[in-house]
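Chemist: sequence unknown, structure follows:
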Ligand SMILES: [Fe+2]
């Protein structure tokens, strides 16, 4: 089953659960092939954990800039006709394309991230995901703690992720724009720990932000949909 707002390019190497930062109609936006996907909720929907001001800047300024920069950088190149996930995988690890990778990966990471949050989130994951988490971590609580520890421990800007490596769940962290997608891992969930994600609301208290996001905003249903999609890919 396709998740609303998710595209799955048929020739994607990583079979990404990619939200709607995708090719816009060439008829209407011939010079801007990638578009900023709308937030899946209102700016104030995640309050009080994430303020409307933070969400508005994070999405409307930071995410938008990554999308716009990617469009500028790929214009007229061999990358211009690729989907966002293809641009990420094509530029990963290439020093000559570092700037494109950084912007494209950040565009992808943010498109994914918005779906990892929801109003009145948190709580217990759906049964199939819960069982998979218990296989890997022993308990959902241990998984939450590993995710929080990873997010808090990431030195400087970056992301913490719950991913599938092969058929096993694990927690990883990535620096700056790095994304597990470029490492052949399959992301189920992420937390953004760039300062722009929390500084207006929490200043230097990253741990308070991370714990509140995990407890109150985590969209376990989105993670479960990703798990089901990846499982179907292996059939
Ligand atoms: Fe961010």
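Modeler: Yep, that arrived. Not measured: the values here are computed from a predicted model. Numbering: from 1, shown residues only.
Chemist: how about the helices in this protein?
Modeler: Per DSSP state H, the chain has helices spanning 52-57, 64-74, 84-91, 98-115, 127-137, 140-153, 199-202, 206-216, 220-234. These are given in chain order.
Chemist: From residue 213, how far out is the nearest residue to residue 119 once chain neighbours are set aside?
Modeler: Leaving aside its sequence neighbours, residue 119 sits nearest to residue 45 (Cβ to Cβ, 6 or more residues apart in numbering; 4.7 Å). For every residue, glycine as well, the C-beta is placed using N, CA and C. From residue 45 across to residue 213, the span is 14 Å (Cβ to Cβ, to the nearest Å).
Chemist: These two: which has the busier surroundings?
Modeler: Shown here are residue 45 and residue 213; by other Cβ atoms under 10 Å, residue 213 has more neighbours (25 against 16).
Chemist: what's near enough to touch that one?
Modeler: Contact partners of residue 213, counting by Cβ atoms under 8 Å, 6 or more residues apart in numbering, are 49, 50, 117, 191.
Chemist: and the closest residue to residue 125 other than its chain neighbours, what does it touch?
Modeler: In this structure, residue 125 finds its nearest non-sequential neighbour in residue 220, 3.9 Å apart by Cβ to Cβ, 6+ apart. Neighbouring residues of residue 220 by Cβ under 8 Å, 6+ apart: 121, 122, 123, 124, 125, 126, 129, 189.
Chemist: Now do the contacts for the last one.
Modeler: By that I understand residue 189. By Cβ under 8 Å, 6+ apart, the contact set of residue 189 is 116, 147, 161, 162, 218, 219, 220, 222, 223, 226.
Chemist: try 7 Å
Modeler: Residue 189 sits next to 116, 161, 162, 218, 223 when contact means Cβ atoms under 7 Å, 6 or more residues apart in numbering.
Chemist: Can you flag the buried ones in those residues?
Modeler: Buried members of the contacts of residue 189, counted by 16 or more other Cβ atoms under 10 Å: 116, 161, 162, 218, 223.
Chemist: which two in those residues are spaced the farthest apart?
Modeler: 161 and 218 (12.7 Å; Cβ to Cβ).
Chemist: how close does residue 189 get to residue 94?
Modeler: Here residue 189 is placed at a distance of 27 Å from residue 94 (Cβ to Cβ).
Chemist: let me redo that: residue 87
Modeler: Relative to residue 94, residue 87 is positioned 11 Å away (criterion: Cβ to Cβ).
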